[in-house]
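> could you work out the structure for the sequence below:
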Amino acid sequence: MADTHVLFVEDDDVIREATQLALERDGFAVTAVPDGLLGLESFRARRPDIALLDVMVPGLDGVSLCRRIRDESTVPVIMLSARADSIDVVLGLEAGADDYVTKPFDGAVLVARIRAVLRRFGHASGTAGGAEESEAIEGGVLRFGDLEVDTEGMEVRKAGTPVALTPTEMRLLLEFSAAPGTVLSRDRLLERVWDYGWGGDTRVVDVHVQRLRGKIGQDRIETVRGFGYKLRG
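Residues are numbered from 1 along each chain as shown. Prediction:
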């Protein structure tokens, strides 16, 4: 992780300095800034490998900063929120964040979450489990109505038009594409897409499914109440 650059935006001096030291001890290179405007400037000056954004920072709040970053890049983003039940968590995910961590957090937990995000981004070019065995594949292209998923080129087209997905959205779609018509539970998706070996907040799944629906079609992914989601073939 020595060459992994982390952008950390946090206005609390104690948290910012302690977290920066903890991350650097684990081998990360860290750029730590106290407000969103400096965060955006730092992001553009030196594109990081991952961004950690506190929701409540001055200048440009974390949610708005996440949107600005997402407009320019698919770099992974983890939001930091002081309350697990805060609407800010959902707003951050809707803005394009890939995950979130609740404050106060343990340094080891944060490092584990960062590594989990980086692992799945590093493997975003691979197919989801079983996708290569789908009967819908033709030359690496899965077809579901007017939706085409190129599992080798990592491209998605809807009615022939390219669809831009973040790596997390792509992994989610690949997981659905591997088992069209099969109901996938939120827990399974957390484990397979977010690399959670433990229980996680299913809001992460729900918000990403909604974002994915907005890009590939609202009726393409069906909600099966009490069980999860399935991709319509």
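> for this structure, which element, helix or strand, carries the lowest mean pLDDT?
Ranked by mean pLDDT, DSSP states H and E, the weakest helix or strand in the chain is strand 137-138, scoring a mean of 46.
> and the longest helix belonging to the chain, what's buried?
Determined from DSSP state H, the single longest helix within the chain is helix 107-122. Buried residues in helix 107-122, counted by 16 or more other CB atoms under 10 Å: 110-111, 113-118, 120-121. For the C-beta atoms, the positions are set from N, CA and C on the backbone; glycine is no exception.
> quick one: which of those residues is nearest T19?
L110 (7.1 Å; CB to CB).
> still on that earlier bit, which strands or helices does the longest helix of the chain pack on?
helix 13-25, strand 50-54, strand 77-81, strand 99-102, helix 167-178 (3 or more CB pairs under 8 Å, 6 or more residues apart in numbering; DSSP states H and E).
> contacts for that helix?
1, 4, 6, 18-19, 22-23, 26, 28, 49-50, 52, 76, 78, 98-99, 101, 167-168, 171, 193-196 (CB atoms under 8 Å, 6 or more residues apart in numbering).
> least confident of the helices and strands packed on helix 107-122, on average?
Ranked on mean pLDDT, the bottom entry among the helices and strands packed on helix 107-122 is strand 99-102, at a mean of 89.
> how much space between the residue nearest the centre of the chain and G62?
Closest to where the C-alpha atoms of the chain average out (CA atoms, centre = their mean) is D98, at 2.2 Å. Counting by CB to CB, to the nearest Å, the separation of D98 from G62 is 14 Å.
> got the domain boundaries for the protein?
5-122, 131-231 (automatic domain parsing).
> just these: most buried one?
Highest mean neighbour count of those: domain 5-122, a mean of 18 (counted as mean count of other CB atoms under 10 Å).
> chain center to that domain: distance?
12 Å (CA atoms, centre = their mean, to the nearest Å).
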